[in-house]
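[1] predicted model, plus sequence, below.
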Amino acid sequence: MSREDLARAFHYAVYENVQMIPYGHVTSYGHIAKLIYKPRNSRQVGQALKFLPQGETRLDYPYNLNNVPWWRVISSSGTISNRDHGSMIRQVELLRAEGVQVINDSKIDLVTFGWFPETEFDEYD
DNA sequence: CCAATGACCTGGG
DNA sequence: TCCCAGGCCATTG
């Protein structure tokens, strides 16, 4: 198995779990990492989400990337993570459209809107 | 090969 | 509550 295959498998695992986040809820990069049994790879969860289409459809990936609600993934501190301005704005719009309150265009109350199902890695380690 | 770079996380101050 | 240092690790140049 090549390095690319491993990376792709990781991406698929991320996408499948992101699809489980209920409408109107959010979870963290770190929690997705725990769900795929890679509790130390929260940064790589973020890397995987970068491959998702922002606007146009990608046909070079054997996976329905248009079905992945990437906007429901935020940082464990409850804030929209920094990156290019455009997609941050879009994330806020998409969240508000499904009823999630976003304070100051960046902060979300995880007690109200968080989705953090139990995992085997509830302690970071 | 090595250094820099992230859509990150936690604990301490 | 906010901020930061240190840890983390795949990817990129």
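    Perfect, I can see it now.
[2] please name the residues that touch the residue lying closest to A:G99 once chain neighbours are set aside.
    Leaving aside its chain neighbours, A:G99 sits nearest to A:G24 (4.9 Å; criterion: C-beta to C-beta, 6 or more residues apart in numbering). C-beta: built from backbone N, CA, C; applies to glycine. A:G24 sits next to A:98-100, A:113 when contact means C-beta atoms under 8 Å, 6 or more residues apart in numbering.
[3] what residues are up against A:W70?
    Residues in contact with A:W70, defined by C-beta under 8 Å, 6+ apart, are A:18, A:49, A:52, A:91.
[4] surely A:P117 touches A:L35?
    Yes - counting by C-beta atoms under 8 Å, A:P117 does reach A:L35; the two are 7.4 Å apart.
[5] more neighbours: the two, which one.
    A:L35 (23 against 11; other C-beta atoms under 10 Å).
[6] please report the distance of the nearest residue to that one once chain neighbours are set aside from A:L95.
    Distances taken as C-beta to C-beta, 6+ apart put A:N17 closest to A:L35, at 4.7 Å, once the chain neighbours are dropped. Applying C-beta to C-beta, to the nearest Å, the value for A:N17 to A:L95 is 18 Å.
[7] show the pLDDT at A:A7.
    Per-residue pLDDT puts A:A7 at 93.
[8] ok but it is inside a helix, no?
    Yes - counting by DSSP: H, G, I helix; E, B strand; the rest coil, A:A7 is found in a helix.
[9] that one: how many residues sit nearby?
    The number of residues packed near A:A7 is 14, by other C-beta under 10 Å.
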